[in-house]
Structure formats: C-alpha cells, structure tokens
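Visitor: Show me how the following folds:
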Amino acid sequence: MQAPLAERLRPTNISEYIGQQHLVGPDSILRRMIESGNVASFILWGPPGVGKTTLAKIIAVTTESPFYTLSAVHSGVKEVREVIDRCKADARSMFSKGRPILFIDEIHRFNKSQQDSLLGAVESGIITLIGATTENPSFEVIRPLLSRAQVYVLKPLEEPELNQLLQRALTVDPVLKERKVTVKSTKALFRFSGGDARKLLNILDLVEQSTSPTEEMIIDDEVITNRLQENPLAYDKEGEMHYDIISAFIKSIRGSDPDAAVYWLARMIEGGEAPEFIARRLVILAAEDIGLANPNALLLANATFDTIHKIGWPEGRIPLAECAVYLATSPKSNSAYLSIDSALAFVRQTGNLPVPLHLRNAPTGLMKELDYGKNYKYAHDYPGHFVRQQFLPDGAEGQIFWHPCDNTSEERMKALQEIRWGKK
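Guide: All right, here's what the predicted structure looks like:
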C-alpha cells in the first residue's frame with residue numbers, strides 16, 4: 001500500500017526542511033546546535049503540520065544520536081522509565097556518538113507524575129529531551145521541566161513557503177512527478193491548508209487519488225473546493241478543531257452571540273476536543289474581552305476550568321455551556337488587555353527607569369541615609385485612604401496606559417479616578 005504524500009515527502013536533512021527560518025536558517029539557534037552537535041533539551045510549540053516531529057528526526061540523524069519516541073497519549077511512567085533505561089545503555093555504548101534523544105509528541109498530555117519521571121534523566125544529561133506541543137507550555141508543562149528545556153515557537157507556513165512545498169511535491173515525489181499536472185491557481189489550496197504543511201500535502205494527495213491516472217491533474221480553486229466538500233472530514237480534523245473552530249467559538253462569544261457560541265462548543269465536543277483546552281480559552285477570553293466590564297466573568301471561567309478537571313466528560317459539557325452563554329451575554333471590555341500591552345511597549349521603549357526614592361524600601365540604615373522611602377505618604381493615613389503622590393518613574397509622569405471602555409462598571413471606575421487624580 002502506498003504511503004501518504006506527507007510521509008513520502010518528509011524531509012531527511014535540514015536543507016530539505018521548509019519554514020521556521022528563525023530557528024533553522026543560517027546562524028540561527030537550532031542550526032548552530034545541529035552543526036556543533038551539542039543539542040540541549042527543548043520544547044517545540046506550534047500548530048499541527050509545521051514540522052515539529054520532522055525537525056526532531058533531522059536533528060537525531062544529523063548528530064548521529066540514538067532516537068527514541070514516546071506519544072504522551074499512549075505512554076505512562078512505566079514506558080518513560082523503560083526508555084530512559086535504554087538511553088542509559090546507549091550512553092554507555094562505545095558505538096553511540098551523540099547523546100540519546102527522547103522525542104515526546106504531545107508532551108502537554110503528560111500529567112505531573114509523568115513529567116516528573118523525566119526530570120532526573122534530563123538534569124543528569126542521560127537524555128536530550130525534545131518535546132512537541134500544540135498547547136502553551138506555560139500552562140501544560142511543569143515548571144522544573146520548563147527550567148531545563150528552552151521553548152522554541154514554530155509558526156504556520158506562509159504563502160511563499162507553501163508554494164515552495166507545492167513545487168517540491170510536484171518535482172520530487174515519485175508519484176506526482178510522473179503525472180501531468182497543471183497548476184492554474186493556488187488561492188484555495190493555500191487557504192484550506194491554513195499554514196499546515198501536512199494539510200496541504202494531504203489535499204494534494206486527495207486530488208491525485210480522485211483523478212484518473214490517464215487524466216490531467218488540475219490544481220485550481222474550483223477543483224480544490226469541490227474535492228474538499230466531497231470529503232469534509234478527510235484532512236486533519238484535529239487541526240481544524242484546534243484552530244478554525246476554536247476561532248469561531250471565541251469570536252462568537254466576543255461578538256455576544258450565545259447561540260453561535262453553543263453551536264461551536266457542540267462541534268468541539270462532538271469532535272472529541274479536550275475539555276481543558278476549551279475551558280482554558282474561556283479563562284483567557286474572560287480576561288481579554290470582558291475584563292473590567294464584568295469581573296465576575298473571570299471568576300466563573302476559572303471555576304469552570306476547575307470543575308472540568310473534577311468531572312470531565314460527558315457532564316463537563318454543562319458547565320462549559322453555562323460559561324459560554326454567560327460570557328457571550330456579558331458586557332465587553334478590552335481595556336485591561338490594551339493597558340498592559342501599552343505599558344509593555346512603553347517599558348521596551350524606555351528601559352529600566354529608576355524607582356523613585358520615596359517608593360523604595362529602606363530595610364537598612366544606609367538605605368535610610370540615602371533617602372530610600374523618605375517622604376512616602378501612607379495612603380491609609382489620609383481621608384478616603386488616598387493621597388496624591390508620584391508613583392511612576394521620573395520621566396514617565398503623566399503616562400496613561402488604561403483607558404476605560406464605555407460600560408457601567410468602568411464608568412464608575414473612571415469617575416472615581418477623576419475625583420482622585422483630576423483629569424489626566
């Protein structure tokens with residue numbers, strides 16, 4: 001049986017690898033690691049189909065390192081320890097050149113005890129750990145492991161890279177290069193691919209298989225759209241669930257449409273999405289899109305996240321639906337989100353401005369002599385527990401980062417701030 005196009009075309013060396021030039025391009029961090037043969041543990045974070053597994057295999061082949069793989073979906077602590085024991089044997093072998101590489105796909109699905117079982121081997125240098133995840137490692141990977149493994153972010157492929165992949169498929173693949181292929185337009189192909197190399201190659205595979213060997217294989221927007229409509233679940237359902245449908249879900253809640261929110265929630269549930277993934281996105285949305293307009297939204301979203309961990313499926317659909325409807329019908333504000341981004345931009349522009357002396361602690365006599373804490377006004381000693389004084393660094397006085405939105409909650413906050421500070 002013929003292997004899928006994505007497998008037939010999988011790169012075997014760094015020169016065939018397409019995309020992620022910020023990591024593997026000339027003089028980039030991973031390229032330097034590969035060329036030196038000194039590969040440190042790291043985690044690759046990015047969407048499906050952008051080359052995480054392929055990159056790990058290329059590194060192992062190039063550095064001539066023993067390569068072991070585990071899937072976090074199917075492996076437990078027992079399997080992790082067995083692989084580490086084999087890695088120890090490899091490390092002692094005179095025939096082994098590089099340190100054994102342990103590649104863990106979907107490392108975000110490992111629980112704490114499974115991740116703990118990796119720590120000793122990573123710390124002692126028995127293995128080089130390469131993890132792959134589509135989820136934010138900050139939420140899913142334990143802190144001790146994160147401190148021992150750098151995180152590198154992989155990006156969806158852009159149009160020039162997708163075009164490069166298409167041309168490689170048509171000229172290198174032993175099946176496609178023997179076919180008469182005419183490329184008339186690529187807009188639909190690239191749009192449905194969504195920056196996912198595997199999805200693009202799977203679509204090409206579908207078109208090739210649905211075209212008679214005696215016919216000319218046409219690639220244009222109409223052909224691609226028709227083939228995918230005939231096979232709606234043919235290509236990377238998990239990738240669609242993660243990125244297309246979650247986007248529609250979030251935008252429906254942001255747009256205050258509870259019916260659409262529940263519909264997209266049902267699509268994710270029916271598609272087998274992890275409940276934690278949905279709940280975490282609700283927590284983010286509650287802070288980013290509702291924020292100060294209804295601070296209770298974040299409390300409910302966080303409670304939903306905790307509840308999901310306790311009850312799982314199928315009952316978890318109920319608190320998820322409750323939270324989705326509540327967030328969709330809540331007033332919206334992104335003022336907190338915009339304020340921190342504005343402040344971050346200011347910090348990056350101005351650098352480390354000194355803390356004003358009156359705001360500094362003075363735990364020692366020398367610090368007091370240097371006027372640390374001098375003239376600080378303790379707010380609780382004043383009427384209304386407030387007194388005007390400078391809190392921003394010198395040179396930043398008068399900067400405004402928070403701009404309240406037009407909702408009842410923030411209008412009250414704005415009015416109180418104007419009483420305290422006057423018009424800024």
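Visitor: Only C-alpha atoms, please: export stretch 311-326 in CSV.
Guide: Listed next in CSV are the C-alpha coordinates belonging to stretch 311-326 (Å, rounded to 0.1, in the frame of the first residue of the first chain):
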residue,chain,number,x,y,z
ILE,A,311,-15.8,15.9,36.4
GLY,A,312,-14.5,15.5,32.8
TRP,A,313,-16.8,14.3,30.0
PRO,A,314,-19.7,14.0,29.4
GLU,A,315,-21.0,16.1,32.3
GLY,A,316,-18.4,18.8,31.6
ARG,A,317,-20.4,19.9,28.7
ILE,A,318,-22.9,21.6,31.1
PRO,A,319,-20.5,24.0,32.9
LEU,A,320,-18.8,24.7,29.6
ALA,A,321,-22.1,25.7,28.1
GLU,A,322,-23.1,27.7,31.1
CYS,A,323,-19.8,29.6,31.0
ALA,A,324,-20.0,30.2,27.2
VAL,A,325,-23.5,31.6,27.4
TYR,A,326,-22.6,33.8,30.4
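Visitor: Measure how far that stretch is from the centre of its chain, please.
Guide: Centroid separation between stretch 311-326 and its chain, computed with CA atoms, centre = their mean, to the nearest Å, is 23 Å.
Visitor: And stretch 360-372, by the same measure?
Guide: That offset, for stretch 360-372, works out to 44 Å (CA atoms, centre = their mean).
Visitor: Please apply the same query to stretch 215-226.
Guide: Using CA atoms, centre = their mean, the offset of stretch 215-226 from its chain centre is 33 Å.
Visitor: Ok, stretch 200-208 next?
Guide: 26 Å.
Visitor: who touches it?
Guide: If you take CB atoms under 8 Å, 6 or more residues apart in numbering as the criterion, stretch 200-208 is touched by 4-6, 9, 49, 157, 162, 165-166, 169, 175-176, 179, 189-190, 192-193, 217, 219, 223-224, 227-228, 231, 234-236. The C-beta positions use only the backbone N, C-alpha and C, and glycine is treated the same way.
Visitor: where does this protein dip in pLDDT?
Guide: The chain contains residues with pLDDT under 70 at 1, 73, 90-98, 230-243, 363, 367, 423-424.
Visitor: how about it, which residue sits the furthest from its center?
Guide: Glu369 (48.9 Å; CA atoms, centre = their mean).
Visitor: show me where the stretch 201-350 of the chain has helices.
Guide: 221-230, 237-240, 246-254, 258-270, 275-285, 296-311, 317-329, 335-350 (DSSP state H, counting those that start in this stretch).
Visitor: Need those helices in JSON lines (columns: mean neighbour count and distance to Pro404).
Guide: Formatted as JSON lines, the helices of the stretch 201-350 of the chain follow (neighbours: other CB atoms under 10 Å; distance: least, CB to CB, whole Å):
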{"stretch": "helix 221-230", "mean neighbour count": "15", "distance to Pro404": "45"}
{"stretch": "helix 237-240", "mean neighbour count": "16", "distance to Pro404": "38"}
{"stretch": "helix 246-254", "mean neighbour count": "19", "distance to Pro404": "19"}
{"stretch": "helix 258-270", "mean neighbour count": "17", "distance to Pro404": "25"}
{"stretch": "helix 275-285", "mean neighbour count": "21", "distance to Pro404": "20"}
{"stretch": "helix 296-311", "mean neighbour count": "17", "distance to Pro404": "17"}
{"stretch": "helix 317-329", "mean neighbour count": "20", "distance to Pro404": "20"}
{"stretch": "helix 335-350", "mean neighbour count": "13", "distance to Pro404": "6"}
